[in-house]
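[1] model this:
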Amino acid sequence: MTTISLAPHIPDRPSVDGLEEKWMQVWRENGTYTFDRERALAGGRDAVWAMDTPPPTASGSLHIGHVFGFTEADCIARYKRMAGLEVFYPIGWDDNGLPTEKRVQNYYGVRGDASLPYDPAFVPTQQGGEGRSTKASNQQPISRRNFIELCDILTVKDEVTFEETFRRLGLACDWAISYRTIDERSRSVSQAFFLRNLARAEAYQAEAPGLWDVTFQTAVAQAELEARDYPGAYHRIAFRAADGTPVFIESTRPELLPACVALIAHPDDERYASLFGTTVTSPLFGVEVPVVAHPLAEMDKGAGIAMCCTFGDLTDVQWWRELQLPTRSVITRDGRILPETPTWLTADLARRTFEEMAGKTTFAARTAVVDALRASGDLDGEPTPTQRKANFYERGERPLEIVTSRQWYIRNGGRDETIRAAMIERGRELDFHPAFMRARYENWVGGLNGDWLISRQRFFGVPIPVWYPVLPSGELDHDHPIVPDEAGLPVDPAAETPAGYNDTQRDQPGGFSGDPDVMDTWATSSVTPQIAGGWGVDPQLWEVVFPMDQRPQGHDIIRTWLFGTVVRSHFEHGTLPWRHATINGWILDPDRKKMSKSKGNATTPIDMLVENGTDAVRYWAASARLGMDASLDTAQMKVGRRLAIKVLNASKFALSFGESGEGGDPADAGTPADTGDALAALAAQVTEPLDRAMLASLADVVDLATRANEALDYTRALEVTESFFWSFCDDYLELVKDRAYGSSYGTDATADGVSPSQGAASARAALRLALDVQLRLLAPVVVFATEEVWSWFHEPAAGSIHQAAWPTAAELGPHAAPHTDGGEADVLTAVGEALAGVRKAKSDAKVGMRAEITAMTLVGPASQLDRVRMAEPDLRAAGRIQAMEYAVDDSLPTLTVRDAQIVPPEPRQRG
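    So this is what the prediction gives:
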């Protein structure tokens, strides 16, 4: 039975300091946020609120953006739990992929090398080396298995720190429902999904040009691109038409001249109309290339005609594919020029020039080519400096190159209009919060120009679960991959043997070879609902959590995590993975740039939580609306801290008046009572107009906050609750203080013949009832201070406030029913307005609030004055007013105090 104590246990000097340590431990010991599986199964799908929370990247430390986004999600989870739903709130760690490998390389000073044997006794000579050079020459090469072991060790270490931070943030997730994207369960689910995609031809392999990071030595997907300004220079270079006439192009990448396969101009460009269908010869290299038309050529950029090289950028790839041009690649995977002269360069000058650039970096090769162009006279003028846009891997430091390689893809609509249309329709089925984020989803899907590249040439990831037969020639038969049975997952083809083979046949003719690649980390993160929800292993749980209710995440990963999850769920289940997507904004630094670990401008949150207090930080995060970017605002945190402190102090004040008094206690003092019965008994004792008015106003707040939370608008719920709370503290507590103590100032304590004891009982009951409701309204945001106060007047058997029922207007009694004309609810507003007038009069007179008013006139609309008369004794007590008169003036918009005769208070005695 939920119990309420009528004899509060209030500390002498309540403080927000130390509340986190106290209640974190209690929540951990009591399993406060544990998912009740049996209750969920008994209640069915409609009784569960299931969340697919983002697994943070386990590579170093959390940053303030995590605090921001997770707080917003947590507010919703806490409301749903108090609203009676069983909340499925797992926590995961994204611990595979390039970010982890980069951290391990820096931390231990190592790099993986698949050609090296495993060393079971290996111990890294460096630990904690963040910030050191990532150059391969400064890193110790170690075997693939040794490198993976270091990744596993460091991510586990990081995740312990992450959990401590999230616990201090007060996250109400179930820590028993956790996963790592590299653990056995995650690898099994990820590989099973891949095999099913492969069986349905949704996954396929192709050798094609693609974006390549020369630092990390891996392919990169379109969703991971970041366009950045990069210094360069335009070079005006002369090709020669058949009659020797120069045809000038302007290029920032002259080192790609030997890779040129065509010159391309817009079909409407009259300057080059006569050249379409002819050929020109490239300078230095003497290769004859066609001049062709394509609508992507920009007439107003440079010379209006561009060279197409295989490959300089993504436009080159599109031209190459659509115009069926030849392939003449000269850049290798390490970002250098081919070491040997290509066969298509036959002239002596061409071969000599290429020998000068062979094996060099693109920068050094560019210098060699420009020098040769000057010497040949084919460079018109000197290079003109410019800032060009270049594609970078979002975590990389050098521009991406385009390299031809064999990779795995999953169809996503980038090359199939039917799939694209289905993905757009899925986006329209999904409830985005805020709704305008749907446009970002649709723009991304509509702008796709290729399928989802999921293979990566790295080590710490989920292996591609296939092997290939090795033909007698020693070549791999990529067209007939060998796949494992799902029952045997997860597998590591680089270390395990397929059925029907033995390990002596590895990489031998007639044998097999394991696929060396791993999956993109998003390929695993895109199945987090299945990983956490028991897909394939716990059908009962899966039935009550899928499709999930909510996906909280940032808007920058709509294109990756959200879209990828929609794609995988669409193919496997024929449905959306969740009903709602709540999209949080970014945290911006003072330069209005996104804070992130990869950019090096992020703030570590633990110190901020300690310095400001968790409730203060949560208040700052919850004050930002979904989808809106926010700045790191310590001033807002100070407001939140002040709110948490006020919750403690106002609660102590409200609980300090003793029991209800005459009129009957709801139970004997100190005896626990059922919460519902106790609140009903309290509501029955509320008789005074001002008390009824306060509860009527609070009932409206309950309705507004409930509707806001049901719409997943936690910010609006906080706004209306906080606004009422401060009014409650500033006005109502002051107005009823005298009466609640059972005393009066210059008049009877109550009106209409009600005895002082009955007036005190009404005030005390209203205070206790209002406090109980307001604490629950604030609980999703101000988690520690509300829990602390709840424990003061609820017995331990009552449990946490975060397990209590969300308040309803009905709890506040019949006088709290909605009033179509404002009714009683406006009494508190009117009296509060009058009290503000009294305070202003004293301030204008430059006297303290303890000053007495021997006489005054309250002027204003008749309806407002009538409401003040209903609670005049409380106004007179709060304002220390001995006598007052009323004057009607319906032209005034507000109540005004006039002709106040004020007597300054006697100086306080010291000592």
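[2] in this structure, spot the strand with the most residues.
    Criterion DSSP state E: the longest strand present in the chain is strand 225-240.
[3] contacts for it, please.
    211, 246-254, 257, 263, 280-283, 289, 302-303, 307, 370, 373, 378-381, 383-394, 399-400 (C-beta atoms under 8 Å, 6 or more residues apart in numbering). The way it works is simple: take the backbone N, C-alpha and C, and place the C-beta from them, glycine included.
[4] buried set for it?
    Neighbour-count burial for strand 225-240, counted by 16 or more other C-beta atoms under 10 Å, picks out 225, 232, 234-240.
[5] would you reformat the residues you listed as CSV and include pLDDT and distance to R764?
    CSV is the format used below for these (pLDDT from 0 to 100; distance: C-beta to C-beta, whole Å):
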residue, pLDDT, distance to R764
L225, 76, 64
G232, 90, 76
Y234, 94, 81
H235, 96, 85
R236, 96, 88
I237, 97, 89
A238, 97, 94
F239, 98, 93
R240, 96, 99
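[6] among the residues you listed, which two are most distant?
    L225 and R240 (36.0 Å; C-beta to C-beta).
[7] returning to that earlier point: could you flag which of the contacts of strand 225-240 are buried?
    211, 247, 249-254, 257, 263, 280, 282-283, 289, 303, 307, 370, 373, 378-379, 383, 390-394, 399-400.
[8] strands - which of these land there?
    211, 247, 249-251, 263, 280, 289, 307, 390-393.
[9] I531 contacts G92, correct?
    Yes - assessed by C-beta atoms under 8 Å, I531 is found in contact with G92 at 7.2 Å.
[10] please enumerate the shared neighbours of these two.
    179, 181.
[11] C-terminal to the one helix or strand F725 maps to, what's the next element?
    Following DSSP states H and E, one finds F725 within helix 714-727. Using DSSP H and E, the helix or strand that follows helix 714-727 in sequence is helix 733-740.
[12] ok now that following helix, how far from the chain's centre?
    Taking C-alpha atoms, centre = their mean, to the nearest Å, one finds the center of helix 733-740 at 44 Å from the center of the full chain.
[13] name the helices or strands packed onto whichever helix or strand comes after that helix?
    Scanning forward in sequence from helix 733-740 by DSSP H and E, the next helix or strand is helix 756-778. With contacts defined as 3 or more C-beta pairs under 8 Å, 6 or more residues apart in numbering; DSSP states H and E, the packing partners of helix 756-778 are helix 634-655, helix 675-684, helix 689-710, helix 714-727, helix 733-740, helix 783-793.
[14] mind checking pLDDT for A172?
    Looking at A172, its pLDDT is 96.
[15] my bad, R395
    71.
[16] surely it touches K102?
    Yes - using C-beta under 8 Å, R395 makes contact with K102 at a distance of 6.8 Å.
[17] more crowded one of these two?
    R395 (21 against 18; other C-beta atoms under 10 Å).
[18] any idea how far the residue lying farthest from the centre of the chain is from T278?
    Centroid-distance maximum for the chain: D243 at 61.4 Å, with C-alpha atoms, centre = their mean. Distance, D243 to T278, by C-beta to C-beta, to the nearest Å: 10 Å.
[19] now do V903
    Counting by C-beta to C-beta - V903 and T278 are separated by 104 Å.
[20] give me the more crowded residue out of the two.
    Taking other C-beta under 10 Å, V903 and T278 do not tie; T278 has more neighbours (15 against 12).
[21] so what's that one closest to, chain neighbours aside?
    For T278, ignoring the flanking residues on the chain, the nearest one in space by C-beta to C-beta, 6 or more residues apart in numbering is V291 at 5.6 Å.
[22] so the helix ranked longest in the chain versus helix 783-793, what angle?
    Longest helix of the chain, by residue count under DSSP state H: helix 144-169. On the basis of axes from the mean of the first three to the mean of the last three C-alpha atoms, to 10 degrees, helix 144-169 is oriented at 50 degrees to helix 783-793.
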